[in-house]
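Engineer: Provided below for reference: sequence and predicted model.
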Amino acid sequence: MGRLVQNHSTHIEGLIKWLKKIAAIDEIKTVTPSSLSKANGRVENLGLKITVKTNEGYKLLARKGRLVQEVFLVTNLHENEIIEIIERTNPKSYRKKKGS
């Protein structure tokens, strides 16, 4: 089980709850949300995606509305395993998709 490092006082709404689920996975060592910034485009729902592989793991981007927040993940897992974890822990994944 990893740990969630909270260095900043501001976070995208709903992000910390999602990151706690990710940090609870054994192969994840550390989850660190970074600074918050604004983007030009809009995204309706909170989303996480992998952007860069780092020396210790991966850099992810969390987006909701016009807000963007970097999240650093320290792990030895591969990219496809991280994508699966993101999809499995997504707070919106409990809803049925249209057509299923």
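Structural biologist: Structure received.

Engineer: need the contact list for residue 39.
Structural biologist: Residues near residue 39 by CB atoms under 8 Å, 6 or more residues apart in numbering: 63, 66, 67, 68. Any C-beta I mention is one placed from the backbone N, CA and C, and that applies to glycine too.

Engineer: Dump those into CSV; add distance to residue 45 and secondary structure as well.
Structural biologist: Listed next are the contacts of residue 39 as CSV, based on distance: CB to CB, whole Å; DSSP: H, G, I helix; E, B strand; the rest coil:
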residue, distance to residue 45, secondary structure
63, 9, strand
66, 13, strand
67, 12, strand
68, 14, strand
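
Engineer: tell me which of the residues you listed is nearest to residue 83?
Structural biologist: Residue 83 has its nearest neighbour among these in residue 63, at 15.9 Å by CB to CB.

Engineer: Correct me if wrong: the closest one contacts residue 43.
Structural biologist: Yes - if you go by CB atoms under 8 Å, residue 63 and residue 43 touch, sitting 4.5 Å apart.

Engineer: for the protein, longest strand please?
Structural biologist: Secondary structure of the chain per DSSP state E: the longest strand is strand 28-53.

Engineer: Okay, now the sheet partners of that strand, with direction.
Structural biologist: Sheet pairing of strand 28-53 (DSSP bridges) gives strand 3-4 (parallel), strand 57-75 (antiparallel).

Engineer: Point out where the protein drops to low pLDDT.
Structural biologist: 93-100 (pLDDT under 70).

Engineer: Determine which residue lies closest to the centroid of it.
Structural biologist: Nearest to the mean C-alpha position of the chain, by CA atoms, centre = their mean, lies residue 48 at 4.5 Å.

Engineer: Please name the residues that touch that residue.
Structural biologist: By CB under 8 Å, 6+ apart, the contact list for residue 48 reads 18, 60, 61, 62, 71, 86, 90.
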